[in-house]
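Novice: no FASTA, just this:
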């Protein structure tokens with residue numbers, strides 16, 4: 001089944017809503033990118049390799065890994081041949097969370113009708129992230 005961009009965005013929204021509704025791990029987008037890269041891409045995964053893959057600074061990836069470790073979604077382990085190298089390794093909890101994400105995405109099926117306002121929850125009805133203009137976005 002070919003999904004258009006609206007359907008993909010809706011599936012992403014439903015997945016993110018599923019994550020935040022749970023009382024489990026709630027990683028940021030950056031942490032989730034590091035997590036998925038470390039779990040889905042061919043390893044081994046060092047901070048430098050993940051940073052290069054994602055186009056991020058090594059320090060940002062290291063902070064994300066720190067948080068993933070707090071959430072018990074990843075761990076650091078020393079390379080067996082070169083103890084100076086540290087690899088990002090999956091944990092049992094991380095594997096379960098990855099499986100949960102897969103189930104959330106698989107169950108986020110676009111509704112039969114394509115009325116976006118009906119798919120949004122009541123607090124969001126009539127609003128779309130894409131309709132937020134640059135003037136409405138908070139400044140960092």
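Specialist: Nice, thanks for sending it over. This is a predicted model, so every value here is computed, not measured. Residues are numbered from 1 along each chain as shown.

Novice: looking at it, residue 19 is touching residue 26, isn't it?
Specialist: Yes - look at residue 19 against residue 26 with Cβ atoms under 8 Å: they come within range, at 6.4 Å. (Glycine included, C-beta is placed from N, CA and C.)

Novice: the more surrounded of those two?
Specialist: Higher neighbour count among residue 19 and residue 26: residue 19, with 17 against 13, using other Cβ atoms under 10 Å.

Novice: what helix or strand is the more buried one located in?
Specialist: If you go by DSSP states H and E, residue 19 is part of helix 5-21.

Novice: low-confidence ranges in the protein?
Specialist: Flagging of the chain using pLDDT under 70 yields the residue ranges 1-3, 23, 109-140.

Novice: ok, which stretches of it are strands?
Specialist: Ranges of strands in the chain, per DSSP state E, are 74-78, 86-90.

Novice: out of the ones you listed, which is the most enclosed?
Specialist: strand 86-90 (a mean of 19; mean count of other Cβ atoms under 10 Å).

Novice: show me what that one is packed against.
Specialist: In this structure, strand 86-90 packs against helix 29-40, helix 47-54, strand 74-78, with contacts taken as 3 or more Cβ pairs under 8 Å, 6 or more residues apart in numbering; DSSP states H and E.
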